[in-house]
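Trainee: below are the sequence and a predicted model; questions follow.
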Amino acid sequence: MSNTIEIHGHCDERFENVKEVFTENFKLGYDVGASLAVTLEGEFVIDLWAGYADAAETRPWEQDTIVNVFSTTKVMTSICTLMLVDRGLLDLDAPVAKYWPEFAQGGKEELPVRYLLSHTAGLPGFNKQFPLEGLYDWDFCVTMLAAQKPWWTPGTRSGYHAITFGYLLGELVRRITGKTIGTFFQEEVAKPLNADFYIGVPEKHDARIADLIPFKLPFVFKLISNRVIRKLFFWHPTLKVFSKPKGQVNIKAFVEEIKSRAWRGAEIPAANGHGNARSIARIGAALACGGKLDGLRLLSASTIDQALEEQCYGKDKILRLPVRFGLGFGLPSETVPLPNPRSLYWGGFGGSISFIDLDAKVSCGFAMNKMMMGIQGDIRSERFLEALYTAYEAL
């Protein structure tokens, strides 16, 4: 990419330093196409996009370009679940089996709802290996999860439920509301907030979707055991699409698969959300403003406070990193030292992120197509947040 990059959109002059970082990331080769948005007290102070929607740099990244943001989707799934808690339809301390009777199998009859939101249920993967296409069959996935035993004593530690998180919470939403989580999210969150985000994206939007550009695994990863790599890439046992014959993770094959209509149209509520920075920041702004935005209340202040309560903190059994989980979100920690302790965040494989500062009433979204290594953000989000708080503190 040329060092001359045209930045589109709007940036409040008070946050010009953040725009400079966004621009620098392209010049440094960190980004090919990306969008960055920040709200303050519910209003956009940054709404930027630039670059290209494909690796060949033939399709410009437009204002309405959307992209698969992987685990940033979990933010949307968590909000939907907490909305049911807020409405008194879902009790965090009730057994999951109260709402989903089949879940009582495998010794899970007393496993509480809050364990699903905090990645402590002991169900981070599927017991059976199956092709990636199996993820497109909702009933197949939830039936398997309902039947299996936890991999460790639930509630004792976290183990990142990278894919299963969405099926577990999505099935609760379906049992309680009669709607799929993709439908519930559209009707109750995205459409009322005019947020361009989908869990299961309709085919009519395909032309707007940016192609993800996979990273190449550094040589050092060839020296790491395949077992560790499998856990980093979220499935256990690993799905066939992730492994080459010699056992190396095939990121390129996976990224090609997610271009398929089957992947895009399925509801995989932990991993296949499609949106842009504007939609991520817009939805987060509702929480940043106390749960209500433009007359629409998603959550009460008390439910947001519950989301901030630490559920577990320690070395995650899957990620092998210290993670501090609240209800549905990551919380600030020594590993992720956010400026304000009353903050919620989560990010997606490759670099997308949602960040919400409840006291500053700030919401930040970042979505891009050039993937980087990192599980809880990467150098780009670190640079954005540092610049953002420098500007905020000068207000």
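Mentor: On my side now, so go ahead.
Trainee: so where's this structure uncertain?
Mentor: In the prediction, the chain carries residues with pLDDT under 70 at positions 1-3, 216-252, 375.
Trainee: centroid residue for it?
Mentor: For the chain, the residue sitting closest to the mean C-alpha position, by Cα atoms, centre = their mean, is Thr72 at 1.5 Å.
Trainee: for that residue, give me its contacts.
Mentor: With contacts taken as Cβ atoms under 8 Å, 6 or more residues apart in numbering, Thr72 has the following neighbours: 273, 275, 280, 346-348, 352-354, 367. Just so you know, the C-beta spots here come from the backbone N, C-alpha and C atoms, and that holds for glycine as well.
Trainee: list the buried ones in stretch 282-292?
Mentor: Neighbour counts using 16 or more other Cβ atoms under 10 Å place 282-289, 291 of stretch 282-292 among the buried residues.
Trainee: so how many other residues sit close to the closest residue to Asp91 other than its chain neighbours?
Mentor: With Cβ to Cβ, 6 or more residues apart in numbering as the criterion, Asp91 has its nearest non-adjacent residue at 6.6 Å, and that residue is Val113. Counted by other Cβ atoms under 10 Å, the residues lying close to Val113 total 25.
Trainee: what residues are up against Val113?
Mentor: Going by Cβ under 8 Å, 6+ apart, Val113 touches 90-96, 99, 172.
Trainee: apply 6 Å and report the result again.
Mentor: Contact criterion Cβ atoms under 6 Å, 6 or more residues apart in numbering gives 92, 94, 96 as the residues in contact with Val113.
Trainee: quick one, phi/psi of it?
Mentor: For Val113, the backbone dihedrals (degrees, to the nearest 10) come out as phi -60, psi -40.
Trainee: show residues contacting stretch 187-198.
Mentor: Outside of stretch 187-198, the residues that reach it under the criterion Cβ under 6 Å, 6+ apart are 274-275, 279, 282-283, 296.
Trainee: returning to that earlier point: mind checking which of the contacts of Thr72 land in strands?
Mentor: Taking DSSP state E as the definition of strands, the contacts of Thr72 contribute 273, 275, 346-347, 353-354, 367.
Trainee: can you flag the buried ones in the residues you listed?
Mentor: Burial by neighbour count, judged by 16+ other Cβ under 10 Å, picks out 273, 275, 346-347, 353-354, 367 from the ones in strands among the contacts of Thr72.
Trainee: gap between the closest residue to Arg261 other than its chain neighbours and Ile209?
Mentor: Across the structure, with Cβ to Cβ, 6+ apart as the measure, the residue nearest Arg261 apart from its sequence neighbours is Glu203 (6.3 Å). For Glu203, the distance to Ile209 equals 10 Å [Cβ to Cβ, to the nearest Å].
Trainee: also Asp357?
Mentor: Counting by Cβ to Cβ, the gap from Asp357 to Ile209 is 29 Å.
Trainee: and the two? Which one has more around it.
Mentor: Per other Cβ under 10 Å, whichever of Asp357 and Ile209 has more neighbours is Asp357, with 26 against 19.
Trainee: where does the more buried one fall, phi/psi-wise?
Mentor: According to degrees, to the nearest 10, the main-chain angles of Asp357 amount to phi -110, psi 110.
Trainee: repeat that for Ala50.
Mentor: Geometry field for Ala50 lists phi and psi as phi -170, psi 170, criterion degrees, to the nearest 10.
Trainee: what is the neighbour count of it?
Mentor: Applying other Cβ under 10 Å, I find that Ala50 has 21 neighbouring residues.
Trainee: for it, give me its contacts.
Mentor: Contact analysis of Ala50 by Cβ under 6 Å, 6+ apart lists 5, 7.
Trainee: beta partners of it?
Mentor: Under DSSP bridges, the beta-bridge partners of Ala50 are Ile7, Ala34.
Trainee: put the alpha carbons of the strand or helix carrying Leu287 into CSV.
Mentor: Counting by DSSP states H and E, the secondary-structure element that holds Leu287 is helix 277-288. These are the backbone C-alpha positions of helix 277-288, laid out as CSV (Å, rounded to 0.1, in the frame of the first residue of the first chain):
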residue,chain,number,x,y,z
ALA,A,277,-16.6,0.2,13.8
ARG,A,278,-19.6,2.5,13.7
SER,A,279,-22.1,-0.3,14.6
ILE,A,280,-19.8,-1.7,17.3
ALA,A,281,-19.3,1.8,18.9
ARG,A,282,-23.0,2.7,18.5
ILE,A,283,-24.2,-0.4,20.4
GLY,A,284,-21.5,0.0,23.0
ALA,A,285,-22.6,3.6,23.5
ALA,A,286,-25.9,2.4,24.9
LEU,A,287,-24.1,0.7,27.7
ALA,A,288,-21.6,3.6,28.1
